[in-house]
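Q: Fold the stuff below for me.
(one chain, ligands or ions: 2)
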Amino acid sequence: MEHFLEFKNITKIFPGVKALDDVSFGVARGSVHGLVGENGAGKSTLLKILSGAYSPTSGDILIDQEKKVFNNTRDALHAKVAIIYQELNLVPELTVAENLLLGHFPQHSGFLNKHQMFRVAKKQIEELMEEFEPATKVKNLSIGQRQMLEIGKALLHNAEIIAFDEPTSSLSEREVTQLFRIIKNLRDQGKAIIYVSHRMDEIFKICDTVTVFRDGKHIQTFPEMQAVTHNLLVQRMVGREIKDVYGYRPRQKGEKLFEVTQLRGKGVKQDISFDVARGEIVGFFGLVGAGRSELLKVIFGATPLESGQIFVNGQSVSIKNPTAAIRHGICLSPEDRKDEGIIPVRSVSENINISCRRHFLRAGIFLNKSKERENTDHFIAKLAIKTPSRNQLIGNLSGGNQQKTILARWLSEKVAVFLLDEPTRGIDVGAKYEIYQLMYQLAEEGNAVVFVSSDLPEIIGVADRVFVMRDGAITGQLDRKDVSEERLLSMALPQA
Ligand SMILES: Nc1ncnc2c1ncn2[C@@H]1O[C@H](COP(=O)(O)OP(=O)(O)OP(=O)(O)O)[C@@H](O)[C@H]1O
Ligand SMILES: [Mg+2]
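A: Ligands and ions are numbered 1, 2, ... in the order given. Sure thing, here's the model as predicted:
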């Protein structure tokens, strides 16, 4: 079959890292081509080459049989290639309209020309975004709306090849449904779509074809989804079989370690009460926006507590800020680790060892270099963080490996109560397994673990007890032996 887009022997070498190793495959028009692989496998690098952001060390890109050389992203846009990045590329302080016009127009185009182009764009984007207001600042849009804006930008340039890099990682259910509808539309219009995701269910839902990368190499392309099972795909990705990614380990529950009573605060609209025992893992399930992250932030003192009490070891504690929370042995690994945690110009080692304690206390805590190295190497091995060395700048790691690094920071803490918000977001299946094992280990050591997840199978697979939230309130509680997808969803979904 003739492919509209062809990658031919693409290799990309960074200092100390071969990100892509002689990759060749083709993408057809009118199809959604999935691209999967572990964190650091080279997926984003390939898309960045396709977009002109990086140039390949060797190899060619062919579009419609014609060799293309992109020296920058503008070249790629002119060739009708658009990438919707893992990290969206909009300028938050500018308006929707300004972002649309930004950078991509011929320098000499006058005001009128821009005006007319903008009108065309507005019409297209109105079809994508329900409440599209050109004068709105982008920082006031939801992630979903921002994504629609990026897609709008692509359509404005009549893109024929559109690549999505983990587009759903921060979207609500409704936004995902909407995005899938748009992607299917684009496919039916004959565009060539590349879709990168760690969520296998999405790959099976939306893709017509799937390609697997491992360690920068093209492992296999399955031309038809019917020919591939979930297990086979995972096996090709990680190079070994993972029978049960959750690998649940039952534990003895100890005495009550942590409790909140009648707690209210920002985004927590009804009194919340729950407790966690030593050795227990409690999961909070709910749809995006149900108030789970807000609850954790209030407990951690990141947003103000309005009423209610928090107890650690039976003692009432006052938590006015994160410093106080950490002093009382409570630590939060935030949902948006990228915004809230990463220090891009520092090494992997520094990012792991700038502990949340030091981060918040800013006190002169004695640094033990050899301990730090030991801790770093432990987590690099344990979570399979793909990096040429512990001294690599974290900003040079792949998205998922940055996530693992920041998570390692929180897991290095000597605290008693771990609050983990979406701990496996953007993380590949092999590393997910290791993160669950670490959570069991923390619990076995007598800690209390509270985690938030929107991934239903993960909640069911890992939690000893599940709380469900909806609209800032707890709507139900189930023990591990009683959980099922139906029961959790019926408590999480808005009531008719
Ligand atoms: N600018 C850079 N400098 C140095 N190394 C880099 C750079 N960009 C990527 N790499 C390395 O190239 C490899 C591939 O990274 P890439 O971002 O393509 O992975 P990925 O498949 O997108 O992973 P993820 O699922 O985590 O997003 C990784 O080892 C990464 O550390
Ligand atoms: Mg990536």
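
Q: Using the three-state scheme, assign the closest residue to ligand 1 within the chain.
A: Nearest residue of the chain to ligand 1: Gly400, at 2.6 Å (C-beta to the nearest ligand atom). All C-beta spots, glycine's among them, are computed from the backbone N, C-alpha and C. Going by DSSP: H, G, I helix; E, B strand; the rest coil, the secondary structure assigned to Gly400 is helix.

Q: give the contact list for the spatially closest residue to Leu20 that is not a sequence neighbour.
A: Nearest non-adjacent residue to Leu20, counting by C-beta to C-beta, 6 or more residues apart in numbering: Lys12, 4.2 Å away. Residues counted as contacts of Lys12 (C-beta atoms under 8 Å, 6 or more residues apart in numbering) are Lys18, Ala19, Leu20, Gly42, Thr45, Ile49, Tyr54, Pro56, Thr57, Gly216.

Q: Counting by contacts, list what the one helix or strand the third one maps to packs against.
A: Applying DSSP states H and E as the criterion places Leu20 in strand 17-27. Contact analysis of strand 17-27 by 3 or more C-beta pairs under 8 Å, 6 or more residues apart in numbering; DSSP states H and E lists strand 5-14, helix 43-50, strand 58-63, strand 209-214, strand 217-222 as its packing neighbours.

Q: Burial check on Ile330, number of neighbours?
A: Residues near Ile330, counting by other C-beta atoms under 10 Å, number 26.

Q: now the helices: where do they sit in the stretch 1-150 of the chain?
A: 43-50, 73-78, 96-101, 111-128, 143-156 (DSSP state H, counting those that start in this stretch).

Q: Between those helices, which has the poorest mean confidence score?
A: Looking at those, the lowest mean pLDDT belongs to helix 111-128 (a mean of 63).

Q: pretty sure the residue of the chain closest to ligand 1 contacts Ala431?
A: Yes. Counting by C-beta atoms under 8 Å, Gly400 does reach Ala431; the two are 7.2 Å apart.

Q: Give me the common contacts of the two.
A: Glu38, Asn39.

Q: which residues in the stretch 351-496 of the chain form strands?
A: Secondary structure of the stretch 351-496 of the chain (DSSP state E, counting those that start in this stretch): strands at 417-421, 448-453, 465-470, 473-479.

Q: So which bits of the longest one are buried?
A: When you say that, I think you mean strand 473-479. Residues of strand 473-479 classed as buried by neighbour count (16 or more other C-beta atoms under 10 Å): Ile474, Thr475, Leu478.

Q: interface residues of the stretch 1-150 of the chain facing ligand 1?
A: Counting by C-beta under 6 Å from any ligand atom, the residues of the stretch 1-150 of the chain close to ligand 1 are Phe14, Val17, Ala19, Gly37, Asn39, Gly40, Ala41, Gly42, Lys43, Ser44, Thr45.

Q: contacting residues around the closest residue to the fourth one other than its chain neighbours?
A: Using C-beta to C-beta, 6+ apart and skipping residues adjacent in sequence, the residue nearest Gly37 is Phe213, 3.5 Å away. Listed by C-beta under 8 Å, 6+ apart, the contact partners of Phe213 are Val23, Leu35, Val36, Gly37, Ala41, Gly42, Lys43, Leu46, Ile219.

Q: Could I get the CA-only coordinates of stretch 437-452 as PDB?
A: C-alpha atoms of stretch 437-452 as PDB (Å, rounded to 0.1, in the frame of the first residue of the first chain):
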ATOM      1  CA  GLN A 437       4.600  -2.400  44.200                       C
ATOM      2  CA  LEU A 438       6.100   0.700  45.900                       C
ATOM      3  CA  MET A 439       2.700   1.700  47.200                       C
ATOM      4  CA  TYR A 440       2.200  -1.800  48.800                       C
ATOM      5  CA  GLN A 441       5.700  -1.500  50.300                       C
ATOM      6  CA  LEU A 442       4.900   1.900  51.900                       C
ATOM      7  CA  ALA A 443       1.800   0.400  53.400                       C
ATOM      8  CA  GLU A 444       3.600  -2.700  54.600                       C
ATOM      9  CA  GLU A 445       6.000  -0.400  56.400                       C
ATOM     10  CA  GLY A 446       3.100   0.900  58.400                       C
ATOM     11  CA  ASN A 447       2.300   4.000  56.500                       C
ATOM     12  CA  ALA A 448      -1.100   5.200  55.300                       C
ATOM     13  CA  VAL A 449      -1.500   5.700  51.600                       C
ATOM     14  CA  VAL A 450      -4.300   7.800  50.000                       C
ATOM     15  CA  PHE A 451      -4.400   8.000  46.200                       C
ATOM     16  CA  VAL A 452      -6.600   9.700  43.700                       C
END
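
Q: what's in contact with that stretch?
A: 247-249, 251, 254, 257-258, 276-284, 292-293, 296, 335, 382-383, 411, 415-423, 462-463.

Q: hmm, back to that, any chance of the contacts of Lys12 in a markdown table, with distance to ligand 2 and neighbour count too?
A: Formatted as a markdown table, the contacts of Lys12 follow (distance: C-beta to the ion, whole Å; neighbours: other C-beta atoms under 10 Å):
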| residue | distance to ligand 2 | neighbour count |
| --- | --- | --- |
| Lys18 | 16 | 15 |
| Ala19 | 10 | 26 |
| Leu20 | 12 | 29 |
| Gly42 | 9 | 26 |
| Thr45 | 8 | 23 |
| Ile49 | 13 | 24 |
| Tyr54 | 13 | 18 |
| Pro56 | 17 | 24 |
| Thr57 | 19 | 14 |
| Gly216 | 13 | 23 |
